[in-house]
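*Asks:* here is a sequence with its predicted model. Questions after.
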Amino acid sequence: MKPTKALFLFLVALALTACSSDPQWADEEAHEKMEQLRNQYMPIIAGTWHVEYIKDKGRFFEQLTFNADGTFTGMRKWQNREIVTIDGKEQYMDWQEKEYENGTFTGSWKLSWERDADGASGENRLWLSADFDVEREWNAYSLNATFIHADETTLSFTGGYVRNGDNGETVYTRGEAEPSF
């Protein structure tokens, strides 16, 4: 075969491949795992979830409503108090709102599967990005968490504001609620 004929056949093959209507993913395995994750969990996650976490010096409540279109809304109430020593006795001060952390917010969410740095393995991720509904200096959420599980009653991931799960994860309960404080 002459070099020009080989070059011509190569260019024809390249053109036919480039014109294919089928998407070509850079990492087919990662895309497949992400699609499986989204198909399995997005319908389950869609809905309203809440968490309440109370300790001696802090209490936190958050409610998130995930929509099937990848948007979400939420509200947060967060309070802290200090321990002071008065006349040699430790006493708790009054509860104070955690400045700039309370309020409602709106944003987007998604599930993805990402390869680890070694490229050989990967993990499920939950991304949350939201701004408070009133002007603030920072976001309500900019979270890239390891997604652990969701079912009809619980949603769990690492990297949230509280660590209320057995292994240090954040666990939300399905349904609407009001803070107890």
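*Replies:* Here it is on my side, so go on.

*Asks:* what's the separation between residue 86 and residue 93?
*Replies:* 10 Å (CB to CB, to the nearest Å). Bear in mind the C-beta positions are built from the backbone N, C-alpha and C, glycine included.

*Asks:* so where do the helices sit in the chain?
*Replies:* 3-18, 28-45 (DSSP state H).

*Asks:* how far away from the center of its chain is stretch 138-158?
*Replies:* Mean-position distance between stretch 138-158 and its chain equals 4 Å (CA atoms, centre = their mean, to the nearest Å).

*Asks:* lowest mean pLDDT across the helices of the chain, which one is that?
*Replies:* Ranked by mean pLDDT, these bottom out at helix 3-18, with a mean of 56.

*Asks:* for stretch 168-181, measure first residue to last.
*Replies:* 24 Å (CA to CA, to the nearest Å).

*Asks:* okay, buried residues for that stretch please.
*Replies:* 169, 170, 171, 172, 174, 179 (16 or more other CB atoms under 10 Å).

*Asks:* stretch 25-36 too?
*Replies:* Result for stretch 25-36 [16+ other CB under 10 Å]: buried residues 33, 34.

*Asks:* can you list contacts of that stretch?
*Replies:* 111, 112, 113, 114, 115, 122 (CB atoms under 8 Å, 6 or more residues apart in numbering).

*Asks:* show me those residues that map onto strands.
*Replies:* 111, 112, 113, 114, 115, 122 (DSSP state E).

*Asks:* give the contact list for the third one.
*Replies:* Residues counted as contacts of residue 113 (CB under 8 Å, 6+ apart) are 30, 33, 34, 37, 122, 123, 124, 125.

*Asks:* same question for the fifth one.
*Replies:* Applying CB under 8 Å, 6+ apart, one finds that residue 115 lies in contact with 27, 30, 121, 122.

*Asks:* pull the most distant pair out of those.
*Replies:* Across these, the longest distance by CB to CB is 12.9 Å; it joins 27 and 121.

*Asks:* point out where this protein drops to low pLDDT.
*Replies:* Counting by pLDDT under 70, the chain shows low-confidence ranges at 1-23.

*Asks:* which parts of the chain are strands?
*Replies:* Using DSSP E, strands in the chain cover 47-54, 58-66, 71-80, 83-86, 89-92, 96-97, 103-115, 122-132, 141-150, 154-157, 170-174.

*Asks:* helices or strands up against the last one?
*Replies:* If I follow you right, that is strand 170-174. Where contact means 3 or more CB pairs under 8 Å, 6 or more residues apart in numbering; DSSP states H and E, strand 170-174 is packed against strand 47-54, strand 154-157.

*Asks:* and the ones you listed: which comes nearest residue 163?
*Replies:* strand 47-54 (8.4 Å).

*Asks:* direction included, what does that closest one pair against?
*Replies:* strand 58-66 (antiparallel), strand 170-174 (antiparallel) (DSSP bridges).
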